[in-house]
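Fold the following, please.
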Amino acid sequence: MKKYLFLYILLIGFVSCQTKSTKEKDKKIVIGHEFNEKGDKLNIISGDVGLTDIWLDYIQAHNQRNLDKIAEIDSDEIEVFRADGTVGKGVETHVDILSNWFERSNPNWKVIWMVTNSVQKVDGSVEHWLTTGNEFTDTVDGEEIFMNVIADVNFVEGKIKRINIHNRAKEIK
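Reported below is the predicted structural model:
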């Protein structure tokens, strides 16, 4: 009888230790919704955390003034929607703007947090996004500027296609 009890306990242990099925692992977790221009409710699902490494390389390239690396990570059709309402389109424009900025200023970014997500479009395609919070400092006319910057970054085939930038000035004490 003890043998059967031992085998029964052993069998229960093996069954309880089994991992989730492949189907369960591949199931995407819906973490929110997006509404397109037609009002369709689209699923936002957990995203590819590998995008965070691309963003970290991108920020490092900015801090090191490495315009070649920035251009390598940018899509040829990159669009940068800045907090001041201006829009830069194309990798050459982006590099020119950064080059001029780096010559007359000392901007620096520090990544604080990152979250990735993907949006399942009506046509079946999927958009890949990273939302990131960054601390930004710069020195303009001898005065240091500090801002909190949130960027929504769209990736296509491992390249940055679009950046939406939102700023908040440093807390006034």
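
Alpha carbons only: can I get stretch 29-48 in PDB?
Taking Å, rounded to 0.1, in the frame of the first residue of the first chain, the C-alpha atoms of stretch 29-48 are listed here in PDB:
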ATOM      1  CA  ILE A  29      -2.000  39.500 -23.000                       C
ATOM      2  CA  VAL A  30      -4.300  42.500 -23.800                       C
ATOM      3  CA  ILE A  31      -3.100  45.400 -21.700                       C
ATOM      4  CA  GLY A  32      -5.300  48.100 -23.100                       C
ATOM      5  CA  HIS A  33      -7.000  49.500 -26.200                       C
ATOM      6  CA  GLU A  34      -6.400  52.100 -28.900                       C
ATOM      7  CA  PHE A  35      -9.200  53.700 -31.000                       C
ATOM      8  CA  ASN A  36      -8.500  54.300 -34.600                       C
ATOM      9  CA  GLU A  37     -10.000  57.200 -36.700                       C
ATOM     10  CA  LYS A  38     -13.100  55.100 -37.400                       C
ATOM     11  CA  GLY A  39     -13.600  54.400 -33.700                       C
ATOM     12  CA  ASP A  40     -12.600  50.800 -33.900                       C
ATOM     13  CA  LYS A  41     -11.400  49.400 -30.600                       C
ATOM     14  CA  LEU A  42      -8.000  47.800 -31.200                       C
ATOM     15  CA  ASN A  43      -6.100  45.600 -28.700                       C
ATOM     16  CA  ILE A  44      -2.900  46.800 -27.300                       C
ATOM     17  CA  ILE A  45      -0.900  43.700 -26.300                       C
ATOM     18  CA  SER A  46       2.400  43.300 -24.400                       C
ATOM     19  CA  GLY A  47       5.300  44.100 -26.600                       C
ATOM     20  CA  ASP A  48       8.800  43.000 -27.600                       C
END
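
what comes up buried for it?
Residues of stretch 29-48 classed as buried under the neighbour-count rule (16 or more other C-beta atoms under 10 Å) are 43, 44, 45, 47, 48. Bear in mind the C-beta positions are built from the backbone N, C-alpha and C, glycine included.

in the sheet, who's paired with the closest residue to residue 170 other than its chain neighbours?
In this structure, residue 170 finds its nearest non-sequential neighbour in residue 146, 4.1 Å apart by C-beta to C-beta, 6 or more residues apart in numbering. Beta-bridge partners of residue 146, counted by DSSP bridges, are residue 137.
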